[in-house]
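1. what would the 3D arrangement of this be:
(2 chains)
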Amino acid sequence: MNKNNDSDLLATKLDEASEENKKFLTKIDEKIKKADLEYAKIIIEEEKAYLKFAKKNLENKDN
Amino acid sequence: MNNEQIKNTEGEEKIFNSKDLENKSHEEQILHLDGAISHLSLLSEDVENSVVQSELERSGKKEVVGQSSLFDRAGLGINKFLRRHKGYDEKLSEMARKTTDKSLDNLEKGLGSDLLEAKRKLTDHEATANNDLDAVKNLISPEEFSLMEIKMSQEKELLIADKDQKGAELQEKISEYPAGQKYEKIGSLLGEYENIESAINDKRLFLENDIKTYESAFKNIKGTGETSQEIKGKLKEKMEILNKQHEEIKNREKDVKGRMEVLKNNQKELNPYVKRLQTIGKTKAEIIEESKAQLKNNGQNPEKQKAEDNVTSKNNKKNAQPKNNEKEEDNKLEAVIKTPAQWANYIKNGDKDLALSIKVNLVTAFNKQFKDKKDINGLEATSFLASLLKNNNITGSEEKAKRLIETSAN
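-> Residues are numbered from 1 along each chain as shown, chains lettered A, B, ... in the order given. Now for the predicted structure:
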């Protein structure tokens, strides 16, 4: 009886731990995606900033 | 632009081209640049609205492969990431970068040099004004001397105003430089990845500890016969799932560390450029003074000290094996004992990750609490924890206490 209880309890714990790990992985993946998106935006913003700079430079020359 | 358009844009005709800029008037060139900037603005929105969304959908269960692709493409930057999009023009980009570099040279020679000259004039004035006044003090009347003092003071104010104005103009220009802006953004993003890495590291350590606990519990399950073998087989399968998840968590940690390395290299590459921006318009004395102040701050700045402490604590955590580092465990459990309300809150608010992460320490805290009692049993520990939970208005305290004790017991 006790042995059955032990194995049932362990099985429950393992299932719970597995579920928690799944949730953790999903949560962490979302965070990584969000940060990756920020990085992609930084790269694009940098490019935009260079073009804006070039434009401003041309405008100054014009004036 | 929708997902399909983004995927199929490689090799399409560009909507603008740097060659179009040749033999054009300034006005026309500016119009082309406007087009390029607008396009990049749209592209930025596309990345947020479409590219990432499609990546999220596409990645499905292959999280590790899926999650790295966006970062890698962005990391490879202009060549691999932007080139695939309609409207991107490498030559235009290159031209803009050269223009910016040239502009920095001009800024150094122009406004930077002007500011240095303004500072020099002010210093000279400060150095000579008192000597000049002393020299004429006995040669002119008190009224004339007073007028001269006023004149000197007015001259000084004008020089200060001129220096301040040039300084402000220079700062405004410097703040427009893309490299400086990128450096700051990269620094902030690096902090975000560090937080993610720290959370994964915590999770991995506690999972490793849990796995040991489960393995030990598994070994203690005795019994022979067909039914027992079947039960053991199922448990083994469940433990295998946990081991695979442990591998996945380890992979995530590796992925994030890889991203952090890329960002640190980005910072290293930008560093000389940023340092150059920081020294334009500054005298040698000012540069030396700032370096000294920075060194001093590094030793005394509470924020930096806090950051260093975090690194040390993180390293300690990384090196710590829950059963092999008693001193660290003692520190952790002290923290748990001192902040039961905070711990209780984690459970109350449903933050299972946090609750799980301190669970081991909590049990250790009980061990310490009951260390002098030789006949301590699970029931006594459970009731101690239950009362702790109850005092913090946690519903289902008995059940939760029991679960925590059972899960964490070796």
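2. is chain A contacted by stretch B:219-231?
-> Yes. Using C-beta under 8 Å from any C-beta of the partner chain, stretch B:219-231 reaches chain A at B:220-223, B:228, B:231. (Each C-beta comes from the backbone N, C-alpha and C, glycine too.)
3. mark which of those residues are buried, thanks.
-> Listed as buried from those are B:Ile231; burial here means 16 or more other C-beta atoms under 10 Å in any protein chain shown.
4. any stretches of chain A with poor pLDDT?
-> A:1-4, A:58, A:60-63 (pLDDT under 70).
5. apply 50 and report the result again.
-> Along chain A, segments meeting pLDDT under 50 span A:1.
6. going along the chain, name the helices of chain A.
-> A:2-62 (DSSP state H).
7. quick check, central residue of it?
-> Closest to where the C-alpha atoms of chain A average out (C-alpha atoms, centre = their mean) is A:Ile32, at 1.6 Å.
8. and B:Asp105, how far is that from B:Gln267?
-> 23 Å (C-beta to C-beta, to the nearest Å).
9. more neighbours: which of the two?
-> The neighbour count for B:Asp105 versus B:Gln267, taken as other C-beta atoms under 10 Å in any protein chain shown, is higher for B:Gln267 (15 against 10).
10. dump whichever helix or strand B:Asp132 is part of to PDB, keeping only the CA atoms.
-> Assigned by DSSP states H and E, B:Asp132 falls within helix B:113-136. Only the C-alpha atoms of helix B:113-136 are listed here, as PDB (Å, rounded to 0.1, in the frame of the first residue of the first chain):
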ATOM      1  CA  SER B 113      37.700  73.000 -32.400                       C
ATOM      2  CA  ASP B 114      35.500  76.200 -31.900                       C
ATOM      3  CA  LEU B 115      34.500  75.000 -28.400                       C
ATOM      4  CA  LEU B 116      38.100  74.300 -27.500                       C
ATOM      5  CA  GLU B 117      39.000  77.800 -28.700                       C
ATOM      6  CA  ALA B 118      36.100  79.300 -26.600                       C
ATOM      7  CA  LYS B 119      37.300  77.400 -23.600                       C
ATOM      8  CA  ARG B 120      40.900  78.600 -24.100                       C
ATOM      9  CA  LYS B 121      39.800  82.200 -24.400                       C
ATOM     10  CA  LEU B 122      37.800  81.900 -21.100                       C
ATOM     11  CA  THR B 123      40.800  80.300 -19.300                       C
ATOM     12  CA  ASP B 124      43.100  83.000 -20.600                       C
ATOM     13  CA  HIS B 125      40.700  85.700 -19.600                       C
ATOM     14  CA  GLU B 126      40.400  84.200 -16.100                       C
ATOM     15  CA  ALA B 127      44.100  84.000 -15.800                       C
ATOM     16  CA  THR B 128      44.900  87.500 -16.900                       C
ATOM     17  CA  ALA B 129      42.000  89.600 -15.600                       C
ATOM     18  CA  ASN B 130      43.100  89.700 -12.000                       C
ATOM     19  CA  ASN B 131      46.700  90.500 -13.000                       C
ATOM     20  CA  ASP B 132      45.600  93.300 -15.300                       C
ATOM     21  CA  LEU B 133      43.400  94.800 -12.600                       C
ATOM     22  CA  ASP B 134      46.300  94.600 -10.100                       C
ATOM     23  CA  ALA B 135      48.600  96.200 -12.600                       C
ATOM     24  CA  VAL B 136      46.400  99.300 -13.100                       C
END
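11. mean confidence score for that helix?
-> Computed over helix B:113-136, the mean pLDDT rounds to 87.
12. list the helices and strands it packs on?
-> helix B:142-175 (3 or more C-beta pairs under 8 Å, 6 or more residues apart in numbering or on different chains; DSSP states H and E).
13. pretty sure B:Lys163 contacts B:Lys119?
-> Yes. Look at B:Lys163 against B:Lys119 with C-beta atoms under 8 Å: they come within range, at 5.8 Å.
14. give me the nearest residue to B:Ala217, chain neighbours excluded.
-> Excluding the flanking residues, the one nearest B:Ala217 by C-beta to C-beta, 6 or more residues apart in numbering or on different chains is A:Leu10, at 5.1 Å.
15. B:Lys222 in helix, strand or coil?
-> coil (DSSP: H, G, I helix; E, B strand; the rest coil).
16. give me phi/psi at it?
-> Dihedral pair for B:Lys222: phi -90, psi 180, per degrees, to the nearest 10.
17. equivalent analysis for B:Leu139, please.
-> phi -100, psi -20.
18. what of B:Ile140?
-> phi -120, psi 170.
19. ok, it to B:Asp134 distance?
-> Distance from B:Ile140 to B:Asp134, by C-beta to C-beta: 12 Å.
20. more neighbours: which of the two?
-> Per other C-beta under 10 Å, whichever of B:Ile140 and B:Asp134 has more neighbours is B:Ile140, with 13 against 9.
21. pretty sure that one sits against B:Met148.
-> Yes. Contact criterion C-beta under 8 Å: B:Ile140 and B:Met148 qualify, at 7.1 Å.
22. who in the stretch 151-300 of chain B is up against chain A?
-> Residues of the stretch 151-300 of chain B lying near chain A (C-beta under 8 Å from any C-beta): B:176-178, B:181-182, B:185-186, B:189, B:192-193, B:196, B:199-200, B:203, B:207, B:210, B:214, B:217-218, B:220-223, B:228, B:231-232, B:234-235, B:238-239, B:241-242, B:245, B:248-249, B:252, B:255-256, B:259, B:263.
23. list of residues touching stretch B:245-264?
-> Contact with stretch B:245-264 is made by A:18, A:21-22, A:24-25, A:28-29, A:32, A:35-36, A:39, B:63-64, B:67-68, B:71, B:75, B:186, B:189-190, B:193-194, B:196-197, B:200-201, B:203-204, B:207-208, B:211, as judged by C-beta atoms under 8 Å, 6 or more residues apart in numbering or on different chains.
24. CA atoms of stretch B:279-299 as PDB?
-> Presented in PDB, the C-alpha positions along stretch B:279-299 are these (Å, rounded to 0.1, in the frame of the first residue of the first chain):
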ATOM      1  CA  THR B 279      36.200  63.600 -26.300                       C
ATOM      2  CA  ILE B 280      35.300  66.000 -29.100                       C
ATOM      3  CA  GLY B 281      35.500  69.600 -27.800                       C
ATOM      4  CA  LYS B 282      37.200  68.600 -24.600                       C
ATOM      5  CA  THR B 283      40.600  69.800 -23.300                       C
ATOM      6  CA  LYS B 284      43.200  67.400 -22.300                       C
ATOM      7  CA  ALA B 285      42.800  68.400 -18.700                       C
ATOM      8  CA  GLU B 286      39.000  67.700 -18.900                       C
ATOM      9  CA  ILE B 287      39.600  64.300 -20.500                       C
ATOM     10  CA  ILE B 288      42.100  63.400 -17.700                       C
ATOM     11  CA  GLU B 289      39.700  64.700 -15.100                       C
ATOM     12  CA  GLU B 290      36.800  62.700 -16.500                       C
ATOM     13  CA  SER B 291      38.900  59.500 -16.600                       C
ATOM     14  CA  LYS B 292      39.900  60.000 -13.000                       C
ATOM     15  CA  ALA B 293      36.300  60.600 -12.000                       C
ATOM     16  CA  GLN B 294      35.200  57.500 -13.900                       C
ATOM     17  CA  LEU B 295      37.900  55.400 -12.100                       C
ATOM     18  CA  LYS B 296      36.800  56.900  -8.800                       C
ATOM     19  CA  ASN B 297      33.200  56.100  -9.500                       C
ATOM     20  CA  ASN B 298      34.000  52.600 -10.500                       C
ATOM     21  CA  GLY B 299      35.200  52.100  -7.000                       C
END
